[in-house]
Structures are given as structure tokens and as C-alpha cells.
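Participant: Build me a model from this:
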Amino acid sequence: MLYALLFEAGQVYIGQTTDAKRREKEHRRAWAAPFRFAQLEEMTGTQREAEDHEYAWRHRAASAGYVVVAKSWAGATFVVTDTRNRMDEARWAIVRRLRWPRELRMRRPWAWFWNWIAWQGGAVAGVVMGLRVVW
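Facilitator: Sure thing, here's the model as predicted:
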């Protein structure tokens, strides 16, 4: 099963599991921010095929306006800045078949922009300050 964790600030985490209840409990312990757990797709296949679907769903989520986040092996949260990374023809074929669920669409269409600004934090402030010095 492919699933999404939808955070209030417009971020989304896409994952895969064979046991949704167990995985949701694990995420509730691991993530500090509240989220909504939503099923995206049921599938049967290999681990590689599940990963292909996961990457395709990440791209669909970004296209729907969400900021896609992931966790490193060390547990640090980071933003997936380009969901086209690691895409191959098989994954693009999956993307073309997927549609982001209507009930999961963002309630605030411009939220992605403000979320991006918030996640960029110091980087955006550094650019702005750099521009002020140049001008």
C-alpha cells in the first residue's frame, strides 16, 4: 500500500507499507507535527515496483502543490527539492496514470509558496541580505 502523511503546513511524506496500522503508529511516534494518514493506492508487486510507485506519487504530490518531505536514515527531516530526481521511463509511465485524489487537494492553493519560504528559512534570508549588499 502507498500512503501519504499530510501535514497542516502543506508538507507531505509519501511511503509504502504492507501493514498500514503498524506504520501509522510508527509515524505518530516519529513525527512531532500532527498529520493526516491517507491511503493513496493498493498494489501488488516487487519492492522495486513499490519504490517506482512511491517516486511517482512524490511527483504527483509536488504537482498538487505540496512540499514533499522525507527522512534520512539518521532521522533528520529534509525537503525533496526536485521530485524529478531518480525518475526513469517506468516511473514517468506511472506518473502519467496517477491522479492526486480530490479529497487530498490543498485547501489553500498558495500554501505551497509560503511553506517553501518557511522551509528555506536561512537560505532565502541569505539571498535577500546578499541582494541588499549588492544594491
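Participant: can you give me the offset of stretch 44-58 from its chain's centre?
Facilitator: Remark: stretch 44-58 is offset 14 Å from the chain centroid, using C-alpha atoms, centre = their mean, to the nearest Å.
Participant: Now do the longest helix seen in the chain, average pLDDT.
Facilitator: Longest helix of the chain, by residue count under DSSP state H: helix 47-63. Taken as a whole, helix 47-63 has an average pLDDT of 95.
Participant: Distance check, the residue positioned nearest the centre of the chain against residue 104.
Facilitator: Geometric centre of the chain, nearest residue: residue 68, 2.5 Å, by C-alpha atoms, centre = their mean. When distance is defined by C-beta to C-beta, to the nearest Å, residue 68 is 13 Å away from residue 104. Heads up, the C-betas are built off the backbone N, CA and C, glycines and all.
Participant: returning to that earlier point: what strand or helix carries the residue nearest to the centre of the chain?
Facilitator: Taking DSSP states H and E as the definition, residue 68 sits inside strand 67-71.
Participant: other SSEs contacting that strand?
Facilitator: strand 11-16, helix 47-63, strand 77-79, helix 111-120 (3 or more C-beta pairs under 8 Å, 6 or more residues apart in numbering; DSSP states H and E).
Participant: and it with helix 47-63, angle?
Facilitator: Strand 67-71 runs at 140 degrees relative to helix 47-63, counting by axes from the mean of the first three to the mean of the last three C-alpha atoms, to 10 degrees.
Participant: tell me which residues in strand 67-71 are buried?
Facilitator: 67, 68, 69 (16 or more other C-beta atoms under 10 Å).
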